[in-house]
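S.K.: Mind folding the following:
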Amino acid sequence: LPYFTEHYGNASSVHNFGQKARAAVEVARRNLAALIGADPSEVIFLSGGTEANNLALRGIAQAQADKGRHIITSQFEHPAVLSTCAALERQGWRITYLPVYDNGLVRLEDVRAAITDETVLISIMHANNEVGTIQPIAEIGRMLKEEFRPRRRNIFFHTDAVQSVGKLPVDVKELGVDLLSISGHKFHGPKGVGALFLRKGVRLVAQSTGGHQERDRRAGTENVPAVVGFGQAAQIAG
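M.R.: Predicted structure coming up:
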């Protein structure tokens, strides 16, 4: 509440009001990073899980377009992923939609078999938003690390963890992911705020331009009250 009233500054401004807001944003960033086992510099604040999924998929696809135009996902994803993949298909990317079986799980061998020399991104959700199935994310991450990265295959791994962060233990290093989507309201933070974990060294193309906010990864004045609430929810969830 104080960030709607007396601490109302623009967090991107250098004046005293702005710097107080900036300090609160960075506390929230540290809280969220601690919740998922990340470095604060790897957390990008956004408007929610949908924007996080869009930035992850479009940002990596565009950054890697000269290396390959193949993406692997599942038929079981949230529409924020499936609709984005459909849009990328219309723009020339090839998408493989893996099936799930009676237990609602993607099979590791299907992921492995789908990988080609053109594959640049795999996106599999952590917990399904309809039935709660927990996908084998750590196993997929381990397979990529052990079988493909030693051969210098630059395949990035994203998971939509909107339904799991704040409810299940989530550690980005243990999962072996390069990108991970989060939404604040899924664990009692405000609506309209989310984040994308982007592992250090991974380059993506920003989808909103116009300012240098979020280390040039997401332009636009920060929603300070929502970010502060998001960070507080992350601290409580931790």
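S.K.: Look at residue 163 and say how many residues are nearby.
M.R.: When neighbours are counted by other Cβ atoms under 10 Å, residue 163 registers 22. C-beta here means a position set from N, CA and C on the backbone, and glycine is covered the same way.
S.K.: Quick check, it in contact with residue 130.
M.R.: No - between residue 163 and residue 130 no contact is recorded; they are 9.4 Å apart, counting by Cβ atoms under 8 Å.
S.K.: Name the residues that touch whichever helix in the chain runs longest?
M.R.: Secondary structure assigned by DSSP state H gives helix 16-36 as the longest helix of the chain. When contacts are defined by Cβ atoms under 8 Å, 6 or more residues apart in numbering, helix 16-36 is touched by residues 3, 7-13, 38-40, 42-43, 45, 161, 165-166, 170-172, 180, 182, 195, 197, 222, 224, 227-228, 230-232, 234-235, 237-238.
S.K.: Next step: these restricted to strands.
M.R.: For the contacts of helix 16-36, the ones inside strands are 43, 45, 180, 182, 195, 197, with DSSP state E as the criterion.
S.K.: Same list (the residues you listed) but as TSV, adding neighbour count.
M.R.: Rendered in TSV, the data for these read as follows (neighbours: other Cβ atoms under 10 Å):
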residue	neighbour count
43	25
45	29
180	29
182	31
195	33
197	29
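S.K.: would you turn these into a markdown table with pLDDT and distance to residue 70?
M.R.: Listed next are the ones in strands among the contacts of helix 16-36 as a markdown table, based on pLDDT from 0 to 100; distance: Cβ to Cβ, whole Å:
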| residue | pLDDT | distance to residue 70 |
| --- | --- | --- |
| 43 | 98 | 28 |
| 45 | 98 | 30 |
| 180 | 99 | 21 |
| 182 | 98 | 26 |
| 195 | 98 | 27 |
| 197 | 98 | 23 |
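S.K.: Since that was my last question, I'll sign off now.
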